[in-house]
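1. Let me see the structure of the following:
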Amino acid sequence: QVQLVESGGGLVQPGGSLRLSCAASGSIFSIATLEWYRQAPGKESELVATITSGYRTNYADSVKGRFTISRENAKNTVYLQMNSLKSEDTAVYYCNLYNPTRSLYYWGQGTQVTVSS
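-> Sure, this is the predicted structure:
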């Protein structure tokens, strides 16, 4: 069983930065694909960023050039550095881990990000 715990959310002014962290339990972190999703009120969930076990990354067009996903296997942690934040980035952000050996997905509890002046 894998448990994910996100942290780092909060209130920030437009143009500001936040770094989200997601710490995972278990022993499959290094082979997992990790993703960040977000869901704003009244909107569908959006895939924000992906990082594979081989460190390949992909981003939603809406965050390219502003967000950076990274992973630290030694700490079983994935990060989302968010810069130049906009009001439309306001959402609950969720960490997702995909275990390729069992084709299973795991989700964190989410962390609120609010961008407002």
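2. Beta-bridge partners for the residue lying closest to Thr77 once chain neighbours are set aside, please?
-> Distance criterion C-beta to C-beta, 6 or more residues apart in numbering; nearest residue to Thr77, sequence neighbours excluded, is Ala23 at 5.0 Å. C-beta coordinates here come from the backbone N, C-alpha and C atoms, glycine included. Beta-bridge partners recorded for Ala23 (DSSP bridges): Val5, Thr77.
3. Strands along the chain, start to end?
-> Ranges of strands in the chain, per DSSP state E, are 4-7, 10-12, 18-24, 33-39, 46-51, 57-59, 67-72, 77-82, 91-99, 104-107, 111-115.
4. Now mean pLDDT too, for these, in CSV please.
-> As requested, the strands of the chain are arranged in CSV below (pLDDT from 0 to 100):
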stretch, mean pLDDT
strand 4-7, 96
strand 10-12, 98
strand 18-24, 98
strand 33-39, 98
strand 46-51, 98
strand 57-59, 98
strand 67-72, 98
strand 77-82, 98
strand 91-99, 97
strand 104-107, 96
strand 111-115, 98
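5. Let's have those in JSON lines, adding mean neighbour count.
-> Putting the strands of the chain into JSON lines (neighbours: other C-beta atoms under 10 Å) gives the following:
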{"stretch": "strand 4-7", "mean neighbour count": "18"}
{"stretch": "strand 10-12", "mean neighbour count": "14"}
{"stretch": "strand 18-24", "mean neighbour count": "20"}
{"stretch": "strand 33-39", "mean neighbour count": "21"}
{"stretch": "strand 46-51", "mean neighbour count": "19"}
{"stretch": "strand 57-59", "mean neighbour count": "14"}
{"stretch": "strand 67-72", "mean neighbour count": "18"}
{"stretch": "strand 77-82", "mean neighbour count": "22"}
{"stretch": "strand 91-99", "mean neighbour count": "21"}
{"stretch": "strand 104-107", "mean neighbour count": "15"}
{"stretch": "strand 111-115", "mean neighbour count": "18"}
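6. Just want the most central residue of the protein.
-> Central residue of the chain (C-alpha atoms, centre = their mean): Trp36, 2.9 Å from the mean position.
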